[in-house]
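Q: I'll drop the sequence and a predicted model, then ask my questions.
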Amino acid sequence: MELEEQVMGIIINAGQSRSLCYEALGCAKRGDFASADERMKEATHYAREAHLVQTQLIEADEGEGKTKMTLVMVHAQDHLMTSILAKELVTELIDLYRTRPHQA
């Protein structure tokens, strides 16, 4: 797989994961925890896909700087880290909504 395709794979999968996390948060706000859990499960799938691509790039680089670092590569890493943070925070927020009575 070409480097550009791999980088786009990180961006697309990380972005999908982040979007699903915020959809899950919206579901939790409405008290629909079954849908929130399903969205978070989907988000985890996409996060794993993005992380897999990142791991492949790291392995190919072998710590020797073999992989060309570009602005789009940095952008992809930014997307991945943002999606990971969103997933962690949204998980905590959903837990808070779950433990408190729903108010319309």
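A: Yes, it's here. Keep in mind it's a predicted model, so treat the numbers as computed, not measured. Numbers count the residues shown, from 1 in each chain.

Q: so residue 72 sits against residue 9, correct?
A: No. Because the distance of 11.9 Å does not satisfy Cβ atoms under 8 Å, residue 72 is recorded as not touching residue 9. Where you see a C-beta, it was placed from the backbone N, CA and C, and this is true even at glycine.

Q: which residues touch residue 67?
A: If a contact means Cβ atoms under 8 Å, 6 or more residues apart in numbering, then residue 67 has 3, 57, 60, 61, 73 as its contacts.

Q: check whether it sits in a helix, strand or coil.
A: What DSSP: H, G, I helix; E, B strand; the rest coil gives for residue 67 is coil.

Q: from the contacts of residue 67, which ones fall inside helices?
A: Counting by DSSP state H, the contacts of residue 67 place 3, 57, 60, 61, 73 in helices.

Q: quick check on those residues: which are buried?
A: In the ones in helices among the contacts of residue 67, burial by neighbour count holds for 57, 73, counting by 16 or more other Cβ atoms under 10 Å.

Q: hang on, the earlier thing: ok, so of the contacts of residue 67, who is nearest residue 29?
A: The shortest distance between residue 29 and any of the contacts of residue 67, using Cβ to Cβ, involves residue 73 and amounts to 35.2 Å.

Q: of residue 72 and residue 9, which one has the most company?
A: Set residue 72 next to residue 9 and count neighbours by other Cβ atoms under 10 Å: residue 9 wins out with 19 against 14.
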